[in-house]
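>>> predicted coordinates and the sequence they were generated for:
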Amino acid sequence: MARRNRLEILSCILDICRGDGSSKTKVVYQLNLNFRNAGIYLEWLTEHGYLAKEDKLYRITPSGQKFLENLNDINSMINCNMGDVLAKDE
């Protein structure tokens with residue numbers, strides 16, 4: 001299994017927190033992170049205004065939605081370009 005980069009983890013967290021929101025426990029289990037690392041990502045996203053914490057749930061903000069769209073664009077470009085590079089090596 002390939003390691004995920006930070007951008008992929010951030011986009012997955014934002015995606016999980018869309019709709020009704022998500023608890024830290026749900027993020028941990030769905031992304032297979034430990035509680036310490038999940039807390040670091042959730043804190044960073046909250047401090048930068050991409051997530052809002054309401055009681056024990058994290059919900060994506062409008063700026064978080066825009067950030068998620070940008071992250072998805074970046075990740076798709078990286079994965080597409082890496083696919084081209086790997087295909088040339090074969």
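Here it is on my side, so go on.

>>> pull the number of nearby residues for Arg59.
15 (other CB atoms under 10 Å). C-betas here are computed from N, CA, C, even on glycine.

>>> chain neighbours aside, what residue packs nearest to it?
Gly21 (4.0 Å; CB to CB, 6 or more residues apart in numbering).

>>> now do the contacts for the one you found.
Going by CB atoms under 8 Å, 6 or more residues apart in numbering, Gly21 touches 54, 57-60.

>>> and Arg4, that's in a helix?
No - secondary structure of Arg4 (DSSP: H, G, I helix; E, B strand; the rest coil): coil, not part of a helix.

>>> do you know how far the closest residue to it other than its chain neighbours is from Val27?
Spatially, and ignoring its direct neighbours in sequence, Arg4 is nearest to Cys12 (7.7 Å; CB to CB, 6+ apart). According to CB to CB, to the nearest Å, Cys12 and Val27 sit 9 Å apart.

>>> one more: Phe35?
The value you get for Phe35 to Val27, if CB to CB is used, is 9 Å.

>>> check Leu42 too.
For Leu42, the distance to Val27 - CB to CB - is 7 Å.

>>> shared neighbours of the two, which are they?
Common neighbours of Leu42 and Val27 (CB under 8 Å, 6+ apart) are 13, 58.

>>> so which of the contacts of Gly21 sit within strands?
In strands, judged by DSSP state E, the following of the contacts of Gly21 are found: 54, 57-60.

>>> how about the strands of the chain, start to end?
Using DSSP E, strands in the chain cover 51-54, 57-60.

>>> highest mean neighbour count out of these?
strand 57-60 (a mean of 20; mean count of other CB atoms under 10 Å).

>>> what lies in contact with that strand?
14, 17-18, 20-24, 27, 42, 45-46, 50-53, 68.

>>> mind giving me the PyMOL select for those residues, buried ones only?
Remark: buried members of the contacts of strand 57-60, expressed as a PyMOL selection using 16 or more other CB atoms under 10 Å:
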select buried, resi 14+17+21+22+24+27+42+45+50+51+68
